[in-house]
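Student: Mind folding the following:
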Amino acid sequence: MTNLKPWYLSRTIWASIVTTLIGVGGLSGMPVNGIDSSAVAETVI
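Tutor: You can find the predicted model right below:
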């Protein structure tokens, strides 16, 4: 595995960031019921 890509191009990293932000938003009282985290992560990438 010699082909390394930057961290910001990783779908796994962005999905984790989005999921964490949605969780924090839910804990803080924001309505996050209808948010599809995988769709948001795809949009960010």
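
Student: use CA for all of it now, contacts and neighbours both
Tutor: OK.

Student: so what's the spatially most central residue of the chain scoring on pLDDT?
Tutor: Ranked by distance to the mean C-alpha position of the chain (C-alpha atoms, centre = their mean), the top residue is V18 at 2.4 Å. If you check V18, the pLDDT there is 87.

Student: was I right about it contacting S37?
Tutor: Yes - with contact defined as C-alpha atoms under 8 Å, V18 and S37 form a contacting pair (6.3 Å).

Student: that older thread, name all residues that make contact with the residue nearest to the centre of the chain.
Tutor: S37, V40, A41 (C-alpha atoms under 8 Å, 6 or more residues apart in numbering).

Student: Buried among these? Need that as a selection in PyMOL.
Tutor: Buried members of the contacts of V18 can be picked out in PyMOL with the line below, counting by 16 or more other C-alpha atoms under 10 Å:
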select buried, resi 37+41
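
Student: Give me the three-state assignment for A41.
Tutor: Applying DSSP: H, G, I helix; E, B strand; the rest coil to A41 yields a three-state assignment of helix.

Student: From S16, how far out is it?
Tutor: As defined by C-alpha to C-alpha, to the nearest Å, A41 lies at a distance of 9 Å from S16.

Student: Which of the helices or strands spans the residue nearest to the centre of the chain?
Tutor: Applying DSSP states H and E as the criterion places V18 in helix 11-27.

Student: now P31
Tutor: If you go by DSSP H and E, P31 is not part of any helix or strand.
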